[in-house]
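In: Build the 3D model from these lines:
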Amino acid sequence: MAAASDLPHAICVELARDAIADGPDSFDEAAACDRAVQYTRSLLAPVVNATGVLLHTNLGRAPLAFHHPPQALNVEFSLLTGERGSRQAAVGRLFASLCGAEAAMVVNNNAAAVLLVLASLAADRQVLVSRGESVEIGGGFRVPDVMEQSGARLVDVGTTNRTRLTDYSKALQRASADVALVLKVHPSNYRIEGFVEDTPVAQLATLGVPVVADIGSGLIDANCPWLSGPPPAWLAGEPAAKQTLAAGAALVTFSGDKLLGGPQAGIIAGRADLVAACAAHPLARALRPGGHVLFALQQLALSYLDRSAATSIPFWQMAATSVDELDVRAHRVVDAAGTGAVVASEAVPGAGSAPGTAIASVAVSLPGDHLAALRAAAPPIIGRTRDGATLLDMRTVHPSDDAHLAAVVAALPAR
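Out: Okay, the predicted model is just below:
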């Protein structure tokens, strides 16, 4: 069993005992080896994302190459003074520059960022939130629940589909000095259309209460200056950190592994006094990221600042690839495999980013459902089915995986 699976001996012993316990009279070596294979396939491993979802939450969201030598890292050590330093200083300074903010800090995801902001700035006080933004986002992140855990008190404002500045003003008048913050939450993974109205940050900033904008997806700058052309059409309406702060938000929070294209993290950026209050809260230590995440974010921030993000960040490489280039690659895969057809496709940003939008793409189409056989490849290929066909969307496949894709497709049984 161990030889067949490359699993440690202790795991193989455990699996063999489980097989014997299930049926000692029917135990055979083949069944035990099958358990070992299943165990191996349950472990984390690289896969080929051919789903057309650029930020696939089940596949780790933003793909990111990260290499760090087995050496110490000055995470909390100042090379200038030779004394203990802050793990937030270097990366915080870079993200403050990126966002046009006074200060910034990093925690382990955006839910943690929202929790820390509320706990630090609004414990035992009221926070105004539009009813249309008191949302549940993937993974059970519910604004009312996070608010409760932070110790802040939620005050619903307006209605589900329409919330105006006057609604916030009336709530402020009722609560007087007890309101700590106005929280604006980007719905992120859904969109309400029709008879709707919300209050932009620029208007909320006139209320005299700090506005915290959870923009979620982590678009740094709506102008996308790291791209050679104009911002992609599918980003229209997506809130960006730089513009949200310029509009008057006191703080923004956003994810690191979505449109930012980095590792899982949560970034808090804005007024220096508010960021300092968050950093000083006891929760900040429990929510802090490790050195590898901070180093990866530092490399990412430098890529944005030197305008190389379009070529150095895998997410933006995927997003910026032309349809013509995808078409050429798809035809090469089909020609090499000797089967399949090249079809127009639509990719999506994913992970709740730019909901309801699509990105023109190209896919290899195979008649029938081949998902299980594709998953059995090494490395596994994850595709999708539509209208009785298997689609392998080339926008989310790294070019280095094209040959593997062709070889696996060529070996699929005929349908």
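In: contacts, neighbours, all on C-alpha from now
Out: OK.
In: Would you map the helices across the stretch 251-400 of the chain?
Out: Remark: helices assigned in the stretch 251-400 of the chain by DSSP state H, counting those that start in this stretch are 272-280, 283-286, 291-305, 309-312, 314-320, 323-337, 371-375.
In: Please name whichever of those is nearest to residue 265.
Out: Residue 265 lies closest, by CA to CA, to one member of those: helix 291-305, at 7.6 Å.
In: quick one on the thing from earlier: quick one: the helices of the stretch 251-400 of the chain as CSV, columns for distance to residue 44 and mean neighbour count too.
Out: Below are the helices of the stretch 251-400 of the chain laid out as CSV (distance: least, CA to CA, whole Å; neighbours: other CA atoms under 10 Å):
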stretch, distance to residue 44, mean neighbour count
helix 272-280, 33, 17
helix 283-286, 25, 15
helix 291-305, 18, 19
helix 309-312, 25, 19
helix 314-320, 20, 19
helix 323-337, 27, 18
helix 371-375, 13, 17
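In: Adding mean pLDDT and distance to residue 251, write these out as JSON lines.
Out: Putting those into JSON lines (pLDDT from 0 to 100; distance: least, CA to CA, whole Å) gives the following:
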{"stretch": "helix 272-280", "mean pLDDT": "98", "distance to residue 251": "8"}
{"stretch": "helix 283-286", "mean pLDDT": "96", "distance to residue 251": "16"}
{"stretch": "helix 291-305", "mean pLDDT": "96", "distance to residue 251": "19"}
{"stretch": "helix 309-312", "mean pLDDT": "92", "distance to residue 251": "24"}
{"stretch": "helix 314-320", "mean pLDDT": "95", "distance to residue 251": "25"}
{"stretch": "helix 323-337", "mean pLDDT": "98", "distance to residue 251": "37"}
{"stretch": "helix 371-375", "mean pLDDT": "96", "distance to residue 251": "43"}
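In: closest to residue 79 out of those helices?
Out: helix 291-305 (15.7 Å).
In: Output the contacting helices and strands for the closest one.
Out: Applying 3 or more CA pairs under 8 Å, 6 or more residues apart in numbering; DSSP states H and E, we find helix 291-305 packed against helix 89-99, helix 309-312.
In: picking up where we left off before, between the helices of the stretch 251-400 of the chain, which one is nearest to residue 168?
Out: Going by CA to CA, the one of these nearest residue 168 is helix 272-280, 21.7 Å.
In: I'd like the distance between residue 227 and residue 145.
Out: In this view, residue 227 and residue 145 are 38 Å apart by CA to CA, to the nearest Å.
In: Residue 152 too?
Out: Taking CA to CA, one finds residue 152 at 10 Å from residue 145.
In: So which of these two has more stuff around it?
Out: Set residue 152 next to residue 145 and count neighbours by other CA atoms under 10 Å: residue 152 wins out with 24 against 14.
In: shouldn't that one be in contact with residue 120?
Out: No. In this structure residue 152 lies outside contact range of residue 120 using CA atoms under 8 Å: 9.5 Å.
In: What number of residues are in the vicinity of residue 46?
Out: 10.
In: did I read that right, it in a helix?
Out: No. Looking at residue 46 with DSSP: H, G, I helix; E, B strand; the rest coil, it is coil, so not inside a helix.
In: Does the lengthiest strand in the chain pack against any helices or strands, and if so which?
Out: Scanning the chain for the strand with the most residues, using DSSP state E, yields strand 359-367. Counting contacts by 3+ CA pairs under 8 Å, 6+ apart, strand 359-367 is packed against helix 323-337, strand 341-347, strand 389-393.
In: Specify the angle between that strand and helix 323-337 in degrees.
Out: 20 degrees (axes from the mean of the first three to the mean of the last three CA atoms, to 10 degrees).
In: Strand 359-367 pairs with which strands?
Out: Neighbouring strands of strand 359-367 in its sheet, by DSSP bridges, are strand 341-347 (antiparallel), strand 389-393 (antiparallel).
In: Residues in contact with the last one: which ones?
Out: When contacts are defined by CA atoms under 8 Å, 6 or more residues apart in numbering, strand 389-393 is touched by residues 50-52, 345, 347, 361-371, 383-385.
In: in the helix or strand just after that strand, what counts as buried?
Out: Remark: after strand 389-393, the chain's next helix or strand is helix 402-411, criterion DSSP states H and E. Neighbour-count burial for helix 402-411, counted by 16 or more other CA atoms under 10 Å, picks out 402, 404, 405, 406, 408, 409, 410.
In: same question, stretch 33-46
Out: 33, 35, 36, 37.
In: List the ones among the residues you listed that fall in helices.
Out: 33, 35, 36, 37 (DSSP state H).
In: what about the chain, any weak spots by pLDDT?
Out: 1-5, 23-28, 137-140, 176, 188-195, 415 (pLDDT under 70).
In: can you list the domains in the chain?
Out: 2-41, 48-63+316-411, 89-312 (automatic domain parsing).
In: Could you dump the ones you listed into CSV with distance to residue 83 added?
Out: Listed next are the domains of the chain as CSV, based on distance: least, CA to CA, whole Å:
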stretch, distance to residue 83
domain 2-41, 43
domain 48-63+316-411, 35
domain 89-312, 14
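In: Can you check which of the ones you listed gets nearest to residue 76?
Out: Residue 76 sits nearest to domain 89-312 of all the domains of the chain, at 8.9 Å, using CA to CA.
In: that older thread, in TSV: the helices of the stretch 251-400 of the chain, plus distance to residue 357.
Out: Listed next are the helices of the stretch 251-400 of the chain as TSV, based on distance: least, CA to CA, whole Å:
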stretch	distance to residue 357
helix 272-280	33
helix 283-286	35
helix 291-305	24
helix 309-312	20
helix 314-320	13
helix 323-337	16
helix 371-375	25
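In: wait, which of these is closest to residue 163?
Out: Nearest of the helices of the stretch 251-400 of the chain to residue 163, taken as CA to CA: helix 272-280 at 26.3 Å.
In: Go through the helices of the stretch 251-400 of the chain and name the closest to residue 247.
Out: helix 272-280 (16.8 Å).
In: right, and residue 346 touches residue 357 too?
Out: No. At 9.4 Å, residue 346 and residue 357 do not qualify as touching, with contact defined as CA under 8 Å.
In: separation between residue 101 and residue 303?
Out: To residue 303, residue 101 is 18 Å away according to CA to CA.
In: can you put the buried residues of helix 402-411 in CSV and add distance to residue 67?
Out: Listed next are those as CSV, based on distance: CA to CA, whole Å:
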residue, distance to residue 67
402, 23
404, 24
405, 25
406, 28
408, 29
409, 31
410, 33
